[in-house]
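**Q** Structure for the following, please:
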Amino acid sequence: MKLSILIPVFNEERTIEKLLKKVISAPIRGWRKEIVVVDDCSTDKTHKILAALTQKYKFKLIKHGMNTGKGGAVKTALKYATGDIVLTQDADLEYDPKDYKILLSAYGFKNPVVYGSRNLGATNRGYLICYLCGRCLTLLNNLLYGSSITDINTGYKLFRADIIKNANLQVDGFDFCHEITAKVLRSGYKIKEVPINYYPRSYSEGKKVKVRDAILDLWTTIKYRFVK
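**A** Numbering: from 1, shown residues only. Below you'll find the model as predicted:
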């Protein structure tokens, strides 16, 4: 059985090498590991660093000719992923690959979709406004789709490969989280959540989510309640 780890990257020259080393060394309970990195047209030294790392480590590297967004990079990565299950991994250091074992231990026939929640158990919190927006958007999702998840915007989402590949993903931005969640729930799958660690970074350190992203998240959550 193979785990495909999808890493969308944009301007992460300060973190990408350390993150990639963590992903490579993370224990995954006997699964074979495939790493697919999509450089979403970075304008800093990210691609140069990644190109050099391909000489040291085994991973697939794809470069976009223009910036699309997280969702666009995930869609590209899915085209190259050959694993039985698929996991999304942000390119910063907010999420710890050591938590893969927690996600994998929850995955199974009855739980083909597993999210790592930052709101289960005790962990760090980021900006208050980001936290509150996330909780409100999660609540809205639960009201619209009859679910009971706690963290719709988590960077750790694990799927049986056919579920995410057959979802016909459309959006290109951070609202990818809301589109895939909506489509998973509308398809009749339940989302299993497990607690994970979280190490939030500041905007000065490279955090990219903006107010406009929250507006798109809201629209996407409502839209896919009625549109396939």
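**Q** Break down the chain into its strands, ranges please.
**A** Counting by DSSP state E, the chain has strands at residues 2-9, 32-39, 60-63, 85-88, 113-117, 157-160, 192-195.
**Q** And those: which comes nearest residue 180?
**A** For the strands of the chain, proximity to residue 180 was assessed by C-beta to C-beta; strand 157-160 is nearest, at 6.9 Å. Heads up, the C-betas are built off the backbone N, CA and C, glycines and all.
**Q** For that closest one, which strands pair with it and how are they oriented?
**A** Strand 157-160 has the following strand partners under DSSP bridges: strand 85-88 (antiparallel), strand 113-117 (antiparallel).
**Q** any chance of the strands of the chain in JSON lines, with mean neighbour count and mean pLDDT too?
**A** Below are those laid out as JSON lines (neighbours: other C-beta atoms under 10 Å; pLDDT from 0 to 100):
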{"stretch": "strand 2-9", "mean neighbour count": "24", "mean pLDDT": "98"}
{"stretch": "strand 32-39", "mean neighbour count": "22", "mean pLDDT": "98"}
{"stretch": "strand 60-63", "mean neighbour count": "16", "mean pLDDT": "98"}
{"stretch": "strand 85-88", "mean neighbour count": "26", "mean pLDDT": "98"}
{"stretch": "strand 113-117", "mean neighbour count": "25", "mean pLDDT": "98"}
{"stretch": "strand 157-160", "mean neighbour count": "23", "mean pLDDT": "98"}
{"stretch": "strand 192-195", "mean neighbour count": "19", "mean pLDDT": "98"}
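**Q** Same list, those strands, but as CSV with distance to residue 175 please.
**A** Listed next are these as CSV, based on distance: least, C-beta to C-beta, whole Å:
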stretch, distance to residue 175
strand 2-9, 14
strand 32-39, 17
strand 60-63, 22
strand 85-88, 14
strand 113-117, 16
strand 157-160, 13
strand 192-195, 20
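**Q** Any idea which of those strands gets closest to residue 124?
**A** Nearest to residue 124 among these is strand 192-195 (12.4 Å), distances taken as C-beta to C-beta.
**Q** Within the sheet, what are the partner strands of the closest one, with directions?
**A** strand 113-117 (parallel).
**Q** Contacts made by the partner strand with the rest, please.
**A** 95, 99, 102-103, 106-107, 149-151, 154-160, 163, 184, 189-196 (C-beta atoms under 8 Å, 6 or more residues apart in numbering).
**Q** quick one: low-confidence ranges for the chain?
**A** For the chain, applying pLDDT under 70 flags no range at all.
**Q** Let's see that with 80 instead.
**A** 121-122, 125-127, 202-211, 228 (pLDDT under 80).
**Q** Okay, helices next: where are they in it?
**A** Using DSSP state H, the helices of the chain run over residues 16-25, 46-53, 70-80, 100-106, 128-145, 161-165, 176-186, 211-226.
**Q** residues of stretch 87-97 that come out buried?
**A** For stretch 87-97, burial by neighbour count (16 or more other C-beta atoms under 10 Å) applies to 87-97.
**Q** Alright, that wraps it up for me.
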